[in-house]
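Asks: model this:
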Amino acid sequence: MTTRHTAHMKRIAAPKKYHILRKKSVYLLKTMPGAHKAENSLPIAVLLRDMMKLVDSSREAKRILNDNKVLVDQKVRKELRLPVGLMDVISITPLNENFRILFGMDGRIKLIRIPHENAKFKLCKILDKTKISNGRLQLNLHDGRNIITEDSSMKTGDTLKISLPDQKVLKHIALEKGVKVMITDGKHIGEIAVLDEFKPQPGSKQDRVILTAENGDKFETLKNYIFVIGKENSEIRLKEE
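Replies: Down below sits the predicted model:
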């Protein structure tokens, strides 16, 4: 049996990206090992209770999960501690509502309500790729997925628009000048900008990029902090209409 020590953490010590009340109680569920890094995701039970206010307790969260009422990326998921994070699509079947997880400009995880047709796809960032047999490539995506392809034009840092739940590649958006990006970490987290210039750094320093924000201001951040969301226009809804 999982103990409180391993399955819980002090609520006050939860990652900064959690959109929760930190003094409501002492303990909070921890994410189990999974697709997203712990600091960039939260357990689905916490999402349902503390952010969406659909349940009042973990027990109630477990009940609706076991009743197949919650889909993540169009698949039924039942694990209370399942990590959900950036770009994941959460569907609540009794309400016939769908949400996409993004990062807000306050640095915290937020939910955007999306129409049903938008719940059938998501964007995934290519974190790295590996050569496998017969000249094929394995693409390792930010949400833990692995896609096998023979398309050598797909590079680390690019974005794939994939269908859900079958994860067919609908579109490949290269990381290049002029694309629209979302900032996923640092002091500009949550901002939408256009990529102006790559700024390689010497030695072991992380490469940087220069961007233009929606208000016209230019700023600089780490290359690893950008997530391509479209060429001229965003492929996803960024705010509720």
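Asks: where's the closest residue in space to Met52 that isn't next to it in sequence relative to Thr212, distance?
Replies: With sequence-adjacent residues excluded and distances taken as Cβ to Cβ, 6 or more residues apart in numbering, Met52 is closest to Leu111, at 7.0 Å. The C-beta positions use only the backbone N, C-alpha and C, and glycine is treated the same way. Distance of Leu111 to Thr212, computed by Cβ to Cβ, to the nearest Å: 27 Å.
Asks: what's the answer for Leu160, then?
Replies: In this view, Leu160 and Thr212 are 24 Å apart by Cβ to Cβ.
Asks: neighbour count winner among these two?
Replies: Remark: of Leu160 and Thr212, Leu160 carries more neighbours, 23 against 14, as counted by other Cβ atoms under 10 Å.
Asks: Then the more buried one would be within a strand, right?
Replies: Yes. Leu160 forms part of a strand when assessed by DSSP: H, G, I helix; E, B strand; the rest coil.
Asks: Surely it touches Asp143?
Replies: No. When contacts are counted by Cβ atoms under 8 Å, Leu160 is not listed as touching Asp143 (10.7 Å).
Asks: and the residue nearest to Ile109 when sequence neighbours are not counted, what does it touch?
Replies: Computed as Cβ to Cβ, 6+ apart, the closest residue to Ile109 that is not its neighbour in sequence is Lys17, at 5.1 Å. Contacts for Lys17 (Cβ atoms under 8 Å, 6 or more residues apart in numbering) come out as Glu39, Asn40, Leu42, Phe103, Gly107, Arg108, Ile109.
Asks: Does the third one belong to a helix, a strand or coil?
Replies: Pointing back at Leu42 there. Three-state call for Leu42 (three-state DSSP): strand.
Asks: Show me the beta-bridge partners of it.
Replies: Counting by DSSP bridges, Leu42 is bridged to Val84.
Asks: Check which helices and strands the longest strand seen in the chain sits against.
Replies: The residue-count maximum for a strand in the chain (DSSP state E) belongs to strand 121-131. Other helices and strands packing on strand 121-131, by 3 or more Cβ pairs under 8 Å, 6 or more residues apart in numbering; DSSP states H and E, are strand 137-141, strand 159-163, strand 226-230.
Asks: Met182 is nearest to which of these?
Replies: Closest approach to Met182 among those (Cβ to Cβ): strand 226-230, 4.8 Å.
Asks: partner strands of the closest one, parallel or antiparallel?
Replies: Take DSSP bridges as the rule and strand 226-230 pairs in its sheet with strand 180-183 (antiparallel).
Asks: Starting from the strand it pairs with, tell me the next helix or strand along the chain.
Replies: Beyond strand 180-183 on the C-terminal side, the first helix or strand identified by DSSP states H and E is strand 192-199.
Asks: how big is the angle separating that next one from strand 226-230?
Replies: 120 degrees (axes from the mean of the first three to the mean of the last three Cα atoms, to 10 degrees).
Asks: Got the domain ranges for the chain?
Replies: With domains defined by automatic domain parsing, the chain comprises 7-114, 120-172, 180-230.
Asks: What's the mean pLDDT across the longest one?
Replies: Right, domain 7-114. Taken as a whole, domain 7-114 has a mean pLDDT of 88.
Asks: The closest residue in space to Asp196 that isn't next to it in sequence: neighbouring residues, count only.
Replies: Leaving aside its chain neighbours, Asp196 sits nearest to Ile210 (4.8 Å; criterion: Cβ to Cβ, 6+ apart). Ile210 has 15 neighbours, counted by other Cβ under 10 Å.
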